[in-house]
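Participant: Generate a structure from the sequence data that follows.
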Amino acid sequence: MIKIDKVNIGLNNKPVIVAEMSGNHNQSLDRALEIVEVAASTGVQMLKLQTYTADTMTLDVKDGDFLIKDKNLWTGQTLHELYKKAHTPWEWHEPIMKKAKELDIVCFSSVFDGSAVDFLERLNVPAYKIASFENTDLPLIKRVAETGKPIIVSTGMATLQEIEEIVETIENSGCKKYALLKCTSTYPASPENSNILTIPDLRKLFKCEVGLSDHTLGIGSALAAVAHGATIIEKHFTLNRLDGGVDSTFSIEPHEMKILVSEVENTWRSLGTKSYGPTEAEKPSLKFRRSLYVA
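Facilitator: Numbers count the residues shown, from 1 in each chain. Predicted coordinates for the structure are as follows:
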């Protein structure tokens with residue numbers, strides 16, 4: 001088990017739901033604060049931000065590898081344009097975290113370079129996330145691990161050897177509190193490409209908490225993950241998909257998040273233990289079995 005602020009993460013606790021704000025604030029602080037309020041009302045335990053700027057992520061170049069040509073949600077934009085739209089202004093972090101604390105949910109963030117770590121340390125963030133596209137940046141992982149804060153790492157695209165290097169870097173840097181999330185780095189991801197059976201294998205191989213960073217539409221993959229031992233479910237969250245935004249297409253809305261929170265807990269409770277014979281609740285039903293009466 002690991003503990004992030006007041007949230008316990010482990011098989012003996014109900015799975016933790018993380019609402020990922022990402023760029024769904026649509027560059028409005030008021031909307032960002034409303035996302036925090038609405039997320040808290042759905043029952044999620046944690047909210048996640050992303051801490052970067054367009055300039056810390058990429059170069060302002062309008063062609064070549066810096067122009068998105070693949071067929072996806074962001075085709076035709078440059079990387080710099082995309083990150084400029086999607087980033088959360090750093091001066092927003094403190095009011096967002098303050099609002100989360102008032103509403104009794106834990107707020108943390110994904111970091112993409114050392115300057116973001118330095119900034120979040122000044123805000124005393126309770127944990128860090130390493131995104132899939134950064135999971136080969138071992139110097140960044142080492143920098144985060146050296147803070148002593150818990151780390152959650154998405155394993156999208158990572159080979160088994162790369163995951164071993166991630167875990168080795170974390171542990172050699174003195175951090176023992178970490179979790180690995182199965183992730184499919186397509187947006188949206190398809191259920192058949194989710195490979196949920198990787199989750200129990202991650203737990204067996206690395207003996208740490210495991211979960212799912214879920215980019216599928218709907219909640220089926222998340223429930224399957226819980227049934228296979230996931231203790232963390234991360235899902236992109238928006239107020240309304242029709243409002244648009246860089247992540248809106250594969251984000252879930254408040255009514256869907258409420259269902260996810262409820263059904264994740266129901267799925268976890270239904271796992272129970274290995275059991276044969278009548279449970280306490282079943283014992284009154286024994287009288288309806290076939291009986292022998294002598295008249």
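Participant: List the buried residues in stretch 6-24.
Facilitator: 7, 9, 14-24 (16 or more other C-beta atoms under 10 Å). (Glycine included, C-beta is placed from N, CA and C.)
Participant: what about it, average pLDDT?
Facilitator: Average pLDDT, stretch 6-24: 97.
Participant: Next, the contact list for residue 17, please.
Facilitator: Residue 17 makes contact with 43, 44, 45, 46, 233, 235, 257, 260, 261, 264, according to C-beta atoms under 8 Å, 6 or more residues apart in numbering.
Participant: Tally up the residues packed near the fifth one, please.
Facilitator: Yep, that's residue 233 we're talking about. The tally of other residues near residue 233 (other C-beta atoms under 10 Å) stands at 24.
Participant: Where does it fall, secondary structure wise?
Facilitator: Element membership of residue 233 [criterion: DSSP states H and E] is strand 232-236.
Participant: contacts for the very next helix or strand once past that strand?
Facilitator: Next along the chain after strand 232-236, taking DSSP H and E as the criterion, comes helix 254-271. Applying C-beta under 8 Å, 6+ apart, the contact partners of helix 254-271 are 14-15, 17, 19, 38-39, 41-44, 218-219, 222-223, 226-227, 233, 235, 237, 239, 252.
Participant: re the thing from before, ChimeraX command for the buried members of the contacts of residue 17?
Facilitator: To isolate the buried ones among the contacts of residue 17 in ChimeraX, judged by 16+ other C-beta under 10 Å, type:
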select :44,45,46,233,235,257,260,261,264
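Participant: Reformat the contacts of residue 17 as CSV; add pLDDT and distance to residue 58.
Facilitator: Below are those laid out as CSV (pLDDT from 0 to 100; distance: C-beta to C-beta, whole Å):
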residue, pLDDT, distance to residue 58
43, 98, 36
44, 98, 30
45, 98, 32
46, 98, 28
233, 98, 29
235, 98, 26
257, 98, 31
260, 98, 32
261, 98, 35
264, 98, 35
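Participant: Pick the one among the contacts of residue 17 closest to residue 73.
Facilitator: Comparing the contacts of residue 17 against residue 73 with C-beta to C-beta places residue 235 closest, at 16.7 Å.
Participant: and the helix or strand harbouring residue 164, which residues are buried?
Facilitator: Per DSSP H and E: residue 164 is located in helix 160-172. In terms of neighbour count (16+ other C-beta under 10 Å), helix 160-172 has its buried residues at 163, 165, 166, 167, 169, 170.
Participant: residue contacts, the fifth one?
Facilitator: Shown in contact with residue 169 (C-beta under 8 Å, 6+ apart): 138, 141, 142, 145.
Participant: measure it to residue 143 for me?
Facilitator: 10 Å (C-beta to C-beta, to the nearest Å).
Participant: could you give the mean pLDDT of stretch 139-147?
Facilitator: For stretch 139-147, the mean pLDDT works out to 98.
Participant: And stretch 89-97, by the same measure?
Facilitator: Taken as a whole, stretch 89-97 has a mean pLDDT of 98.
Participant: Need the contact partners of it.
Facilitator: Looking at what lies outside stretch 89-97 - C-beta under 8 Å, 6+ apart - the contacts are 21, 25, 29, 32-33, 36, 47, 49, 51, 53, 88, 107, 109, 119-120, 123, 125.
Participant: for stretch 112-131, same thing?
Facilitator: Contact partners of stretch 112-131, identified using C-beta under 8 Å, 6+ apart, comprise 4-5, 48, 50-52, 56-57, 90, 93-94, 97, 106-111, 134, 137, 140-141, 143-144, 147, 149-154, 166.
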